[in-house]
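A.B. asks: coords please:
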Amino acid sequence: MKKIYLLLLFLFSSAVSHSQVILFLDDDSVYIDSIAKITKNTKSDSIKCLYSFKLSKLYLMVQDAKKSKEYLEQANKLKSKFPFLNDAGVFYNSYSFLEKGDVDGFEKTLLDGNEKLKKYYNTEAFRLRAIILQNYGIMQQRKNNEKAYMKLLINEAIPAAKKSRDYELISGLYKAVAIIFMNNNEREKASEYLNEAQLYIERAIKKSPTLAESKMETYIINAENLVELKHFYDAEKVLDKAFSTLKNFPDSNLNDSYFYSEGLYYAKQNKNAIALESYEKGIKSAEKHLNAIALNRLKFAEYEVLFKLKNYEKAKKNLEYLLKNTPFVVDKKNYYNELAKVYNATKEYDKAYFYSHKYNAVNDSLNNTKFKSEIVELEAKYKKAESEKKITMLQSLNDKAALMVYSNRLNSLLFAGLSFLLLLIVLFLWIFNKNQKKLSVQKEINLKQELSAFEDRHKLSVSKALIQGEEMERKRIARDLHDGLGSMLSSVKIHLNLAKKENAETVNGVDALLDNSIKELRNISQNLMPESLLELSLEHALRDLCAANSNAVTKVEFQYLIKKSRLPKNYEIMIYRIIQELLNNALKYAKASQVLVSCSQNKDVFFITVEDNGVGFDISDPKNKNGMGLKNIKNRVEFLNGKLEIESKPNQGTSVYIELNVINENQENE
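C.D. replies: Numbering: from 1, shown residues only. As a prediction, this is how the structure comes out:
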């Protein structure tokens, strides 16, 4: 009886809800009391009757069955005077069949009510017909006939709702279609209907006790679908709309599903810590409202993030809770499989095997159930065939003489049949052998491709080792020059300063020579490994490099078009060396008066542009392709899976464009 009552509540709210949970947000009692007051004070029996029918539904939605029945009885006493209300009463009274458990009677009454209301063309008639059609469709959906439900919604319910001009109802029906598509993982189609649902609900201005809840639910479902489509920008806007209202109603059970969508939004973007916070809020809200369906969804979503973060202990607790609290065998099968994955990750292979075995047992059991039903069907066919065989044998005794005449013909047919069967077997073996040869050829091709890929990875690994070794050696030489020879030269200069008083001319000359030596030493050390790159950032190092190479003949302009970029240090060093080599080539060979160095970044792609107005060169000339500087640049670009493009002509300058595939530090840490 409790299930029938829940179904009755669900159908009453079916135009605005997709779960068997009555949603609540603001206080609806003021609206219901105002309708009750109008019903009590009006002198018009038609208005009193119509509003009594509506109140019977409203009180059922707030779970006041006593008042619901009182107003239904009052409406039934008044309806006989008015043909339209008498026919509308068929719909309002149809729920009595559900209270008795008569589902078939309920469906027949719905169809009867729809037929009776077809002769009316007022907005209330169209509104009731749309609700009737949706409720009938829901009953078909519960029988696993979702296709019939979809046809009713699109072909009949939505057109009728549009004629009623009830935007909240239209929105709810579009949302119902979208949910069917979501259940079948057709997210793009679902998105089209959810957009329509959101447009209509935002246009709804007619006051109703479900308007606010319907709007919030539409936002939440739309946001969830947009996240699954990875339309994160649009999903964020829709979530913000929902949050702007829900923040004022912390006790609403709409928060159960809101925090699920919010957590999913962060989880899909690998913002796992924030996702866990959202799921935790949703779990607390669902526990408070005893919303088991939402709680299980949140617990499993939280498990997926915990597993990703390798927090296996807490992930295991979530699965144990779900196993304990789910009534569905199919869900338990999936949870067994996930527990096997967790124990495998923690190297508890005995437990992993145990749950894997349970998964297989349940899976086999589910398949065996289907197998048993097939066996029963085959057994029935067998018994029928046996009965027919006995009848045939009895008839054969009477017709034995006639059968002897046809025996030779039957033997001939049997021989022909066997010959045909043999031909089919030979043909099958030939086709099978041909396919096996094709598979062998394909396997050989795949093996060659794998070997080629392995060689490419090996070359890349060698290049990486050479480049890293080169950078380590540069650091060592720079350190030795600075700490060893640099310190010694500085010490010599100190001693020379002390000796200036005795022989000023000689000492001054040596002192100047030492100054130049120390300066040259610092330049060499800086070129090998600039301190600004190690201590500050790539931007500072490149800016210093460009400034140091500018002179009276050549002006080097530097542009860094990146607001925030946190690259791993080995990537920054690689980029610095590429630009350093390009700049050296421009200054050494181009004879340019202006050089432009530009850096920009779009997500995981780093762009480098170096342009000069120098003498240029012929790209097609092999001599210009094999220089050591250009080889170093190509090696580094290939190491970062990048692209290198050079444009140059004699006396028309040179432009170098480079695209490098990089990752940010936070991505590398994850």
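
A.B. asks: what's the neighbour count on the residue nearest to Asn632 when sequence neighbours are not counted?
C.D. replies: Leaving aside its sequence neighbours, Asn632 sits nearest to Glu581 (Cβ to Cβ, 6 or more residues apart in numbering; 5.7 Å). From N, CA and C alone the C-beta is placed, and that goes for glycine too. By the measure other Cβ atoms under 10 Å, the count of residues near Glu581 is 18.

A.B. asks: pretty sure Glu581 contacts Gly629?
C.D. replies: Yes - Glu581 lies in contact with Gly629 (Cβ atoms under 8 Å); the separation is 5.1 Å.

A.B. asks: got a list of what the spatially most central residue of the chain touches?
C.D. replies: Nearest to the mean C-alpha position of the chain, by Cα atoms, centre = their mean, lies Glu228 at 3.4 Å. Counting by Cβ atoms under 8 Å, 6 or more residues apart in numbering, Glu228 touches 187, 264, 268.

A.B. asks: make it 7 Å
C.D. replies: With contact taken as Cβ atoms under 7 Å, 6 or more residues apart in numbering, Glu228 is in contact with Arg187.

A.B. asks: Okay, it and Asn641: tell me how far apart.
C.D. replies: Noted for Glu228: a distance of 30 Å to Asn641, by Cβ to Cβ, to the nearest Å.

A.B. asks: Leu298 now?
C.D. replies: 39 Å.

A.B. asks: Compare the two and say which one has the larger neighbour count.
C.D. replies: Leu298 (27 against 11).

A.B. asks: quick revisit: which element, helix or strand, includes the residue nearest to Asn632?
C.D. replies: helix 569-585 (DSSP states H and E).

A.B. asks: Name the residues of whichever helix or strand comes after that helix that are buried.
C.D. replies: Using DSSP H and E, the helix or strand that follows helix 569-585 towards the C-terminus is strand 594-602. For strand 594-602, the neighbour count (16 or more other Cβ atoms under 10 Å) marks 595-597, 599, 601 as buried.

A.B. asks: Dump strand 594-602 to CSV, keeping only the CA atoms.
C.D. replies: Coordinates of each C-alpha in strand 594-602 appear next as CSV, following Å, rounded to 0.1, in the frame of the first residue of the first chain:
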residue,chain,number,x,y,z
GLN,A,594,65.7,44.8,-35.6
VAL,A,595,64.9,41.4,-34.0
LEU,A,596,61.5,40.6,-32.5
VAL,A,597,61.1,37.7,-29.9
SER,A,598,57.5,36.9,-29.0
CYS,A,599,56.2,34.2,-26.6
SER,A,600,52.5,33.2,-26.0
GLN,A,601,50.6,30.2,-24.7
ASN,A,602,47.2,28.7,-25.4
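
A.B. asks: outside of the next helix or strand after that strand, which residues touch it?
C.D. replies: Downstream of strand 594-602, the first helix or strand assigned by DSSP H and E is strand 605-612. Strand 605-612 is contacted by residues 575, 578-579, 582-583, 586, 590, 592, 594-601, 653-662 when judged by Cβ under 7 Å, 6+ apart.

A.B. asks: switch to 8 Å and redo it
C.D. replies: By Cβ under 8 Å, 6+ apart, strand 605-612 touches 567, 571, 575, 578-579, 582-583, 586, 590, 592, 594-601, 653-662.

A.B. asks: same question, stretch 304-312
C.D. replies: 263, 267, 272, 275-276, 279, 314-315, 318, 338, 341-342, 345-346.

A.B. asks: I'd like to know how far Phe639 sits from Phe606.
C.D. replies: Phe639 sits 13 Å away from Phe606, going by Cβ to Cβ.

A.B. asks: More neighbours: which of the two?
C.D. replies: Phe606 (23 against 18).

A.B. asks: Can you name the residues bridging to that one?
C.D. replies: The partner list for Phe606 in beta bridges (DSSP bridges) reads Gln601, Leu660.

A.B. asks: Make residue 1 into 24 and carry on from there
C.D. replies: That works, and once the first residue is 24, the last one we named lands at Phe629.

A.B. asks: Kindly state the pLDDT recorded for it?
C.D. replies: At Phe629, the pLDDT value in this model is 91.
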